[in-house]
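1. Sequence first, predicted coordinates after that:
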Amino acid sequence: MLEIAVFAVATVFVLVLLAYFQAPILVWTLAAGVLLATWAAALQFSGQTNAVLFFVFILIAPVLSVPALRRRLVSDHVLAVFRRILPDMSQTEKEAIDAGTVWWDADLFSGKPDWNKMLAIPAPQLSAEEQAFLDGPCEDVCAMTNDWEVTHERQDLPPRVWQYLKDKGFFGMIIPKKYGGLGFSALGHSAVVLKLSTRSNALGVSVMVPNSLGPAELLLHYGTDAQKDHYLPRLAKGLEIPCFALTSPEAGSDAAAIPDYGIVCKGMVQGREVLGMRVTWDKRYITLGPVATLLGLAFRLYDPEHLLGEKADLGITCALVPTNHPGVNIGRRHLPLNAAFQNGPNSGRDVFMPIDWIIGGKDYAGKGWMMLMGCLAAGRSISLPTSSAGGAKALARVTGAYARVRSQFKTPIGKLEGVEEALGRIAANCYMMDAVRVMTAGAVDLGEKPAVISAIAKYHMTERARLCVNDAMDIHGGKGICLGPNNWVGRGYQVMPVGITVEGANILTRTLIIFGQGAIRCHPYVLREMRAAKEMTGAAASVEFDDAFTSHIGHTLSNGVRAFVHGITSSRLGQVPRGGAPETRHYYRFTSRLAAAFAFLADVSMLAMGGALKRKEKISGRLGDVLSMLYLVSATLKHYEDQGRNKEDLPLIRWVVRDLLYHAQEAIDQILSNFPVKSVATLLRWTIFPLGMSFRPPLDSRNRECAKIVLEPGAARDRLTGGVYVPKNESDPTGVLEAAFLAAIACEPIDEKLRKAVKKGKIVPGPGVDSGLLAKENQIISAEEYSLWQRKETLRRNVIKVDDFPQDFGRAEIASTLAQEKTPTAKAA
Ligand SMILES: Cc1cc2nc3c(=O)[nH]c(=O)nc-3n(C[C@H](O)[C@H](O)[C@H](O)COP(=O)(O)OP(=O)(O)OC[C@H]3O[C@@H](n4cnc5c(N)ncnc54)[C@H](O)[C@@H]3O)c2cc1C
């Protein structure tokens with residue numbers, strides 16, 4: 001009996017080892033043979049049993065291990081079924097799937113992230129020129145911009161700011177130097193947008209949009225030489241203000257369904273007949289549209305007279321249209337939640353334009369969707385992750401400072417536990433968001449167009465920014481609610497939903513894109529299987545499918561076994577990077593465990609639900625969440641290494657990683673609770689959580705340490721909020737806040753002396769009583785201390801004040817000032 005038990009354990013051990021290391025089929029076959037022989041010898045089976053076993057083995061082994069036989073008897077049949085059940089993809093779906101590249105997301109999807117590979121990716125760095133631009137023109141334009149003037153008085157950037165942005169090349173950061181642009185790296189571009197966004201949303205957006213997906217990016221990739229030579233230098237110098245119009249009233253998220261159309265035809269241009277198109281469109285929500293001089297326009301092109309070729313429905317096409325072209329209606333504005341960046345509708349009816357206005361010329365007619373999808377990832381990797389990280393940094397800095405300056409119950413509010421909880425969350429989220437911003441921009445600088453990662457970064461950074469701004473609003477109380485020049489959080493709160501909605505609305509991005517695209521693009525075998533089924537035929541399809549399919553089975557088995565083994569060993573066998581920081585090693589192990597669990601769960605979900613998984617958005621959204629958490633943890637751990645393992649930052653890393661792993665575990669738990677096949681869900685739960693769910697949310701003590709980082713001046717706070725605009729001027733509301741924060745801390749010993757004096761009855765505070773003066777007169781504090789204390793009090797009162805307005809909110813005065821500005825004679829007078 002004991003012998004049987006020992007053999008059984010040994011057999012299981014061998015099988016687990018083979019699966020764990022994803023052994024090739026031949027090794028499995030040989031191992032099966034050896035195990036069978038050993039069992040037969042040890043248990044002294046009868047001759048008849050041995051013969052049956054031998055026969056079965058001889059029958060199955062070649063089928064599994066000889067590819068030609070396996071294909072014929074197994075994989076070709078699976079391929080036939082797969083071909084039948086695999087839904088056809090539309091051209092636009094295909095182009096979306098093919099767009100961009102996969103990067104670290106593929107490692108995560110494999111279930112075996114190679115941490116050495118991740119840490120070997122060079123730490124992204126700004127060039128000296130980019131740093132100089134940040135310290136020079138960026139600082140200057142921030143100092144020139146007053147967000148209250150922009151959002152309330154003008155609802156636009158002032159002319160002097162527009163001009164400065166054009167003159168200094170802000171609109172041409174992605175345009176190479178040979179065309180007169182700044183030719184910045186993705187990280188440099190991100191750092192500029194970050195700083196500007198922390199001063200004024202309109203400033204950030206107005207610079208972000210021309211450098212994101214739009215005319216310049218499309219021209220760089222697809223433009224003809226003539227188009228590039230004409231437009232790129234003009235865009236670089238701000239002689240053209242671009243916008244890109246895709247969205248129309250009938251087609252928002254489903255942008256490929258735009259009803260806007262063009263008909264290829266001949267028409268007259270400057271007295272000459274030329275080949276062109278008559279275009280009709282109705283667009284809305286177009287950023288910079290109302291002030292644009294160059295309209296990037298997407299529409300569907302038809303060629304009923306076959307003037308371009310055989311196809312009548314050419315597909316989505318992108319053209320560049322000067323906005324002063326006859327028939328273009330542009331200039332009216334939307335008011336997106338009081339945001340002051342320019343945004344509005346535009347339209348045209350039967351507007352004739354030459355065919356060479358198509359970006360890339362007539363050869364690119366109908367290739368617009370491929371062009372848009374191809375360029376989407378770079379901009380999406382930078383714009384919203386950056387403005388969100390910038391928002392979080394600014395909020396961490398000002399909210400920490402305000403929570404130290406503002407006291408209630410005789411205590412700085414930041415030291416009250418409830419406030420501390422929200423503040424610690426802001427600080428920790430801010431660290432993670434910056435880590436994701438830098439890693440993602442770094443990927444773009446390495447030449448990647450990370451399609452799935454850009455969706456993860458866009459979705460999660462905007463969602464975390466929303467959490468941060470909600471927390472910051474709560475901490476500021478009424479100070480955050482009453483708008484005015486002295487409110488530094490209210491406008492951020494107002495415009496937050498804009499980031500949630502644009503560049504792929506968040507619900508759609510989470511539930512359809514992240515896992516939907518990831519499952520096909522990042523999975524090591526799914527795309528190969530799909531291509532073999534749909535794009536290949538004959539022997540080539542058979543060989544390709546067989547190889548991908550058998551590897552896929554080994555991959556799934558391996559991840560299941562690894563998830564289980566990690567589960568029962570508390571992740572002790574998980575990979576850690578060579579030379580990684582000892583204090584974070586366990587996080588790599590935990591993440592390896594969840595990566596294996598995710599990969600296994602993803603495969604089983606695809607197998608159990610097939611094509612229906614795409615419609616089960618609640619499940620695929622949560623699968624996307626797990627993948628996303630793995631990416632966010634990776635970025636956080638890498639950031640810690642790249643920044644030189646600053647021990648002061650450890651509380652932030654500890655909070656973040658625990659929070660992310662816990663969220664990943666919760667998402668898996670919810671998938672299992674809602675899994676359509678209950679028996680499979682139970683098996684999955686045993687495999688993934690054999691000893692229960694072990695990840696816990698961050699500890700309160702950690703949260704306190706995170707809050708402390710933003711409640712104290714110092715290197716950790718400066719690092720966390722690095723890159724934000726900090727006004728040096730005390731006439732600026734956030735400049736005063738910074739000064740009041742430092743003064744509050746410097747005066748804490750003086751405040752303590754006053755408190756003790758009051759307690760002992762040496763001074764009696766009361767209405768109109770200057771406690772500091774009394775303390776000075778009673779020699780409790782020195783004259784020097786009194787003057788420090790007085791300054792602190794003046795700054796504090798300045799910080800806590802909120803704005804009030806005349807009945808008309810000063811509109812009459814504003815209108816008259818703006819009118820005078822527009823009338824040079826009045827100005828001169
Ligand atoms: C301020 C602002 C600036 C913009 N700038 C530009 C610009 O410069 N150029 C441009 O072309 N466009 C621009 N847009 C348009 C923007 O890209 C769209 O608003 C966005 O695509 C969403 O479209 P929609 O607003 O029509 O929402 P809808 O498409 O109606 O979506 C409504 C909701 O349904 C969800 N949803 C839709 N489909 C699915 C699905 N399959 N699964 C799950 N959920 C789904 C969405 O996530 C969203 O929550 C801008 C929009 C705004 C508000």
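-> Here it is on my side, so go on. Small disclaimer: the values here were computed from a predicted structure and weren't measured.

2. Close to the ligand: what parts of the stretch 451-600 of the chain are there?
-> With CB under 6 Å from any ligand atom as the criterion, the stretch 451-600 of the chain meets the ligand at residues 498, 501-502, 505, 507-508, 511-512. (Glycine included, C-beta is placed from N, CA and C.)

3. quick one, phi/psi of the closest residue to residue 663 other than its chain neighbours?
-> Closest residue to residue 663 apart from its sequence neighbours, by CB to CB, 6 or more residues apart in numbering: residue 629 at 5.4 Å. Note on residue 629: its backbone torsions stand at phi -60, psi -40 [degrees, to the nearest 10].

4. what's near enough to touch residue 629?
-> By CB atoms under 8 Å, 6 or more residues apart in numbering, the contact list for residue 629 reads 594, 660-661, 663-664, 667.

5. Distance from the chain centre to the host helix or strand of residue 755, please.
-> Assigned by DSSP states H and E, residue 755 belongs to helix 748-759. Averaged C-alpha coordinates place helix 748-759 at 47 Å from its chain's average position (CA atoms, centre = their mean, to the nearest Å).

6. Does anything pack onto that helix? Which helices or strands?
-> helix 771-777, helix 783-800 (3 or more CB pairs under 8 Å, 6 or more residues apart in numbering; DSSP states H and E).

7. what's the closest of those helices to the ligand?
-> Taking CB to the nearest ligand atom, helix 783-800 is the member of the helices and strands packed on helix 748-759 nearest to the ligand, at 31.6 Å.

8. coming back round to it: closest one of the residues of the stretch 451-600 of the chain next to the ligand to residue 346?
-> Nearest to residue 346 out of those is residue 502 (CB to CB; 16.8 Å).

9. low-confidence ranges in this protein?
-> Regions of the chain meeting the criterion pLDDT under 70 cover residues 824-829.

10. Could you list the contact residues of it toward the ligand?
-> 243-247, 252-253, 285-287, 336, 343, 498, 501-502, 505, 507-508, 511-512, 617.

11. Identify those among those residues that sit within strands.
-> Secondary structure from DSSP state E places 243-245, 285-287, 343 of the residues of the chain next to the ligand in strands.

12. Now the residues you listed in a markdown table, please, with extra columns for neighbour count and distance to residue 19.
-> Shown next, in a markdown table, are those (neighbours: other CB atoms under 10 Å; distance: CB to CB, whole Å):
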| residue | neighbour count | distance to residue 19 |
| --- | --- | --- |
| 243 | 27 | 55 |
| 244 | 29 | 50 |
| 245 | 28 | 53 |
| 285 | 19 | 51 |
| 286 | 25 | 54 |
| 287 | 25 | 52 |
| 343 | 22 | 55 |
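
13. ok, so of those residues, who is nearest residue 609?
-> Among these, and counting by CB to CB, the member closest to residue 609 is residue 285, at 34.7 Å.

14. contacting residues around the closest residue to the ligand within the chain?
-> Nearest residue of the chain to the ligand: residue 252, at 1.9 Å (CB to the nearest ligand atom). By CB under 8 Å, 6+ apart, the contact list for residue 252 reads residue 505.

15. Repeat the analysis, applying 10 Å as the threshold.
-> 246, 258, 284-285, 501, 505, 508 (CB atoms under 10 Å, 6 or more residues apart in numbering).

16. Show me which of those residues are buried.
-> The neighbour-count test (16 or more other CB atoms under 10 Å) marks 246, 258, 284-285, 501, 508 as buried among the contacts of residue 252.

17. What's the local residue count around the residue lying closest to residue 556 once chain neighbours are set aside?
-> What sits nearest to residue 556 in space, not counting adjacent residues and going by CB to CB, 6+ apart, is residue 603, at 4.2 Å. Other residues within reach of residue 603, judged by other CB atoms under 10 Å, total 22.

18. helix/strand/coil for residue 603?
-> helix (DSSP: H, G, I helix; E, B strand; the rest coil).

19. That one contacts residue 523, correct?
-> Yes. Assessed by CB atoms under 10 Å, residue 603 is found in contact with residue 523 at 8.1 Å.

20. hey, what's in contact with both of the two?
-> 552, 555.

21. one step back: got JSON lines for the contacts of residue 252, with distance to residue 452 too?
-> Shown next, in JSON lines, are the contacts of residue 252 (distance: CB to CB, whole Å):
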{"residue": "246", "distance to residue 452": "21"}
{"residue": "258", "distance to residue 452": "24"}
{"residue": "284", "distance to residue 452": "29"}
{"residue": "285", "distance to residue 452": "25"}
{"residue": "501", "distance to residue 452": "20"}
{"residue": "505", "distance to residue 452": "17"}
{"residue": "508", "distance to residue 452": "14"}
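
22. Can you point out the buried residues in the helix or strand hosting residue 609?
-> Taking DSSP H and E as the definition, residue 609 sits inside helix 585-609. Going by neighbour count (16+ other CB under 10 Å), the buried part of helix 585-609 is 587-606, 608-609.

23. Stretch 686-700 too?
-> Using 16+ other CB under 10 Å as the test for burial, stretch 686-700 gives 687-689, 695, 698.

24. Redo those as TSV? Include distance to residue 653 and secondary structure.
-> Output for these, formatted as TSV (distance: CB to CB, whole Å; DSSP: H, G, I helix; E, B strand; the rest coil):
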residue	distance to residue 653	secondary structure
687	29	helix
688	25	helix
689	25	coil
695	15	coil
698	11	coil
